[in-house]
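Q: One predicted model, sequence on top.
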Amino acid sequence: MLKVLRDDSTGELELSGTRSELLALAQKLRNGRGEILLAKVSNPFPYTKSLLRIEFQQASGKMRISSSEDGEALEVEGGQESLSLLAENIEGFTLEADQNDHLHVDYFPEHGYLAEGSGSLVVAIGSDAIQAS
């Protein structure tokens with residue numbers, strides 16, 4: 001089951017899952033709206049907490065990645081083109097990555113699909129070392 005861990009001190013988010021789960025997430029992103037329930041990790045070290053869901057919806061413009069106000073969800077909001085580009089990046093990473101590789105989704109000026117102020121997201125192929133509860 002997909003997991004999202006958050007470091008409260010840095011705001012960094014890590015999304016991990018099996019290859020098939022990440023590919024399914026990419027497909028759902030293309031649909032533009034939805035919610036995915038996540039596995040709860042009892043000991044998220046070195047992160048602070050385990051989030052409960054991913055919420056994504058279509059809006060105009062570049063994409064914004066953030067934590068929800070209640071701190072329980074990863075929120076992804078952006079135009080269809082931005083959502084599709086993120087989906088494409090996740091698919092490419094998932095199909096070609098080694099087990100220890102990571103995909104960093106970070107804003108920089110002139111970024112193709114992330115809006116200024118968007119949070120950082122690390123995407124990883126799930127590891128058996130992190131146990132869900």
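A: Cool, got the structure.
Q: which residues touch the residue positioned nearest the centre of the chain?
A: Centroid check for the chain by Cα atoms, centre = their mean gives L15 as the closest residue, at 4.6 Å. Shown in contact with L15 (Cβ atoms under 8 Å, 6 or more residues apart in numbering): 2-4, 25, 54, 74, 121-124. In this view, the C-beta of every residue, glycine as well, is placed from N, C-alpha and C.
Q: Give me the buried entries from the residues you listed.
A: 2-4, 25, 54, 74, 121, 123-124 (16 or more other Cβ atoms under 10 Å).
Q: quick check, nearest of the residues you listed to F108?
A: L121 (13.7 Å; Cβ to Cβ).
Q: May I have the beta-bridge partners of the residue nearest to the centre of the chain?
A: V4, V123 (DSSP bridges).
Q: Distance-wise, check it relative to G119.
A: Per Cβ to Cβ, to the nearest Å, L15 is found 12 Å from G119.
Q: Tell me which other helices or strands the helix ranked longest in the chain touches.
A: As assigned by DSSP state H, the longest helix anywhere in the chain is helix 80-96. Helix 80-96 sits against helix 19-31, strand 53-58, strand 73-78, strand 102-105, strand 121-125, with contacts defined as 3 or more Cβ pairs under 8 Å, 6 or more residues apart in numbering; DSSP states H and E.
Q: The same query, at a cut-off of 7 Å, please.
A: Using 3 or more Cβ pairs under 7 Å, 6 or more residues apart in numbering; DSSP states H and E, the elements in contact with helix 80-96 are helix 19-31, strand 102-105.
Q: Indicate which one of the ones you listed is closest to E81.
A: The minimum distance between E81 and the helices and strands packed on helix 80-96 falls on helix 19-31, with 10.7 Å, by Cβ to Cβ.
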